[in-house]
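K.L.:
Based on what follows, work out the 3D shape:
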Amino acid sequence: MELMVIDLSPYLEIAGKSAGDSIDPQYGGLCSEVSRSLRETGALLVKDPRCSAEDNDRFIDMMERYFERPGEFKRLQERRHLHYQVGVTPEGVEVPRSLVDKEMQEKLKAIPKEFQPSTPKGPDPKWRYMWRVGPRPSKTRFQELNSEPVIPEGFPEWQDTMDSWGCKMISAIEAVAEMAAIGFGLPKDSFTSLMKQGPHLLAPTGSDLQRYGQVGTVFAGYHYDLNFLTIHGRSRFPGLNIWLRNGQKVEVKVPVGCLLIQTGKQIEWLTAGDCIAGMHEVVVTGRTVDAIKLATEQNRSLWRVSSTLFAHIASDAVLKPLGHFAESPLAARYPPMCAGEFVEQELAVINLKGNKTEP
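P.N.:
Purely as a prediction, here's the structure:
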């Protein structure tokens with residue numbers, strides 16, 4: 001099954017001209033397609049004229065150079081005492097949710113064999129870099145989730161490249177969030193108003209395919225994302241599998257110039273489970289191996305970089321079912337909770353909330 005591709009250009013053109021929540025009926029159908037895809041598949045492919053393939057390439061080129069640096073250099077950017085929410089997270093730190101969540105393990109047993117996720121043997125063998133994007137609140141109860149950025153030495157273009165690509169992907173998320181709200185029958189700014197000054201994170205991963213390029217290697221074990229929506233540019237190496245709401249497993253193919261958007265746990269909260277957080281994994285497949293061979297022949301980097309951005313609800317905002325979703329019979333499963341508290345709880349489970357007394 002191929003995921004739907006939504007061209008955001010027509011919406012962006014009329015969104016700037018329309019007042020309030022008024023929307024041309026012909027674009028209402030487009031918004032319904034966005035909400036339907038997020039509801040049924042937990043994912044969506046978009047084309048945004050503001051986010052070019054060249055922008056994605058510039059970003060990936062820089063991240064490949066960074067991840068190729070020695071481990072001791074990269075560890076200088078590690079901030080364990082800040083829950084790894086800025087700077088680098090070394091390989092072997094992030095623990096797949098499926099290894100520690102008993103409820104998830106029970107659900108996995110019910111998945112048909114052909115749709116079963118790969119079984120990780122331990123923590124993820126991938127590096128990740130966390131870079132905050134956009135303004136942060138001057139006063140917040142969750143200072144650690146809004147920490148200052150970390151810039152590695154020897155990369156003069158770092159801040160500009162990270163900020164530029166991050167802001168462009170946030171803009172794409174905001175357009176999709178508005179369209180989804182309209183499609184769900186909510187005011188256009190229902191989601192975007194809660195995203196203002198959120199702890200959005202550009203969080204590219206780096207996986208060393210020279211060391212871990214064997215078929216079946218799990219770089220990111222079966223999990224969901226704890227944030228609102230996640231967006232990725234196209235990776236140079238395939239390997240991302242997602243699970244649709246009906247339980248079907250799909251290998252994602254992102255066309256050149258497109259962005260992939262996935263639902264996180266916060267949108268599940270806000271819609272009382274009408275949208276559920278999309279499950280996914282990153283695994284070395286036959287297609288990954290083919291891409292490794294081609295990259296080797298062309299003398300290109302063998303680090304698999306994902307240009308991932310986690311868009312969040314603001315830390316001090318309250319997560320609760322919005323509008324008519326508050327009347328859902330499932331709303332009781334999603335009690336009001338500060339988004340920052342929710343994030344800290346989730347980080348503790350996947351081992352990113354380190355002991356504050358440690359250096």
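K.L.:
so M130 makes contact with H83?
P.N.:
No. Taking contacts as Cβ atoms under 8 Å, M130 lies outside contact range of H83: 9.4 Å. Placement of C-beta: from N, CA and C, glycine included.
K.L.:
which of those two has more neighbours?
P.N.:
M130 (24 against 21; other Cβ atoms under 10 Å).
K.L.:
who's in contact with the more buried one?
P.N.:
Counting by Cβ atoms under 8 Å, 6 or more residues apart in numbering, M130 makes contact with 84-89, 201-203.
K.L.:
May I have the strands that pair with the strand or helix carrying it, each with its orientation?
P.N.:
Using DSSP states H and E, M130 sits in strand 127-132. Using DSSP bridges, the strands paired with strand 127-132 are strand 87-89 (antiparallel), strand 201-202 (antiparallel), strand 205-208 (antiparallel).
K.L.:
May I see the buried residues of the next helix or strand after the first one?
P.N.:
When you say that, I think you mean strand 87-89. Later in the chain than strand 87-89, the nearest helix or strand by DSSP H and E is helix 97-100. Within helix 97-100, the residues scored as buried using 16 or more other Cβ atoms under 10 Å are 97-99.
K.L.:
Minimum distance to A314: which of the strands paired with strand 127-132 has it?
P.N.:
strand 201-202 (13.3 Å; Cβ to Cβ).
K.L.:
which one of the buried residues of helix 97-100 is nearest R333?
P.N.:
The closest of the buried residues of helix 97-100 to R333 turns out to be R97 (Cβ to Cβ; 18.2 Å).
K.L.:
Give me the pLDDT for that closest one.
P.N.:
pLDDT for R97: 76.
K.L.:
ok, now Y222?
P.N.:
Y222 is given a pLDDT of 88.
K.L.:
Also Q345?
P.N.:
Value for Q345, per-residue pLDDT: 84.
K.L.:
Between the two ends of stretch 267-285, what distance do you get?
P.N.:
Stretch 267-285 has an end-to-end distance of 30 Å (criterion: Cα to Cα, to the nearest Å).
K.L.:
what separates that stretch from the chain centre, distance-wise?
P.N.:
Centroid separation for stretch 267-285 versus its chain: 10 Å, with Cα atoms, centre = their mean, to the nearest Å.
K.L.:
The lengthiest helix in the chain to strand 127-132, inter-axis angle?
P.N.:
Across the chain, the longest stretch assigned as helix under DSSP state H is helix 158-183. Per axes from the mean of the first three to the mean of the last three Cα atoms, to 10 degrees, the angle that helix 158-183 makes with strand 127-132 is 80 degrees.
K.L.:
For whatever helix or strand comes next after helix 158-183, list every residue counted as buried.
P.N.:
Next helix or strand after helix 158-183 toward the C-terminus (DSSP H and E): helix 192-195. For helix 192-195, the neighbour count (16+ other Cβ under 10 Å) marks 192, 194-195 as buried.
K.L.:
related to what we said a few turns ago, let's have the buried residues of helix 97-100 in TSV, adding distance to I313.
P.N.:
Shown next, in TSV, are these (distance: Cβ to Cβ, whole Å):
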residue	distance to I313
R97	20
S98	25
L99	27
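K.L.:
I am finished for the moment; much appreciated.
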